[in-house]
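Colleague: dropping the sequence and predicted coords here.
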Amino acid sequence: MQFRNSAHWMPDIKTLCNGFREKRLSKNLPYRKNKFSKIDSYCDTLVEEIKKDVFLNHPNLSACLLDHHKIAAVHILSILKNPLFISDSYIIGYTFCDIMANEYCCFLVLQAILLEWRKHNNKSAIFRVNIPNRYKDCLLLLFRKYMKSRPSSLTNDIIFAYSFANIIYMIDTYFVVEAAISPSVN
């Protein structure tokens with residue numbers, strides 16, 4: 001596997017997706033665990049292509065690292081390109097979360113990457129993503145739109161990754177906040 005600045009996240013993303021499936025989704029919703037290898041492979045491909053764009057003719061491209069907004073966008077696009085859950089239609093007993101399982105899963109991945117990045121840079125604080133519901137709904141619909149359109153070319157995915165990275169930057173800047181910690185009771 002190629003080295004990338006996000007390779008260490010894939011095991012945690014698998015754990016997060018498995019936990020999401022166990023705790024939030026209907027047990028009979030089809031779950032394709034075998035997609036993680038394709039997701040990981042597509043992440044590698046997309047990261048390398050974006051690095052070629054961003055760093056142009058850098059002599060040591062493998063040493064260059066993308067910012068966490070682009071990395072989050074790459075992971076989300078990779079999951080949307082290789083959906084883990086088959087939940088395209090309404091089935092009796094399915095919840096809204098079941099129907100949009102891939103989109104909700106991507107929202108969780110986005111939060112996890114942003115929070116881990118903040119924790120890495122400021123170990124003494126605790127952060128949370130405090131995105132208003134109307135923006136969250138729009139974000140989930142954007143994920144849905146991407147899944148429905150499924151761009152066929154890598155170039156289109158790269159363009160979407162840049163656009164999405166800008167949205168993630170806005171979320172990171174305005175909606176990742178330090179969590180208020182209540183005083184401990186002794």
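Modeller: Received the coordinates, thanks.

Colleague: contacting residues for the residue minimising distance to the centre of the chain?
Modeller: In the chain, the centroid-proximal residue (Cα atoms, centre = their mean) is residue 76; its distance is 3.5 Å. Residue 76 is in contact with 106, 109, 110, 143, 164, counting by Cβ atoms under 8 Å, 6 or more residues apart in numbering. For every residue, glycine as well, the C-beta is placed using N, CA and C.

Colleague: same check, this time on residue 29
Modeller: Residue 29 touches 21, 85, 86, 87, 94, 98, 101, counting by Cβ under 8 Å, 6+ apart.

Colleague: give me the pLDDT value at it.
Modeller: We have a pLDDT of 90 for residue 29.

Colleague: now it: how far from residue 105?
Modeller: Distance check for residue 29 against residue 105: by Cβ to Cβ, to the nearest Å, it reads 11 Å.

Colleague: which neighbours do those two share?
Modeller: In contact with both residue 29 and residue 105: residue 85, using Cβ under 8 Å, 6+ apart.

Colleague: any weak-confidence spans in the chain?
Modeller: 1-7, 88-90, 150-151, 180-186 (pLDDT under 70).

Colleague: can you rerun that using 90?
Modeller: Of all residues in the chain, those with pLDDT under 90 make up the ranges 1-12, 27-28, 44, 56-58, 61-65, 87-96, 116-127, 147-157, 178-186.

Colleague: show me where it has its helices.
Modeller: Assigned by DSSP state H, the helices in the chain fall at 10-24, 36-55, 68-81, 96-99, 101-121, 133-149, 154-175.

Colleague: in the first one, what counts as buried?
Modeller: Applying a neighbour-count criterion of 16 or more other Cβ atoms under 10 Å, one finds 10, 13, 16, 17, 20, 21 buried in helix 10-24.

Colleague: ok, the first one - contacts?
Modeller: In this structure, residue 10 makes contact with 36, 39, 40, 43, judged by Cβ under 8 Å, 6+ apart.
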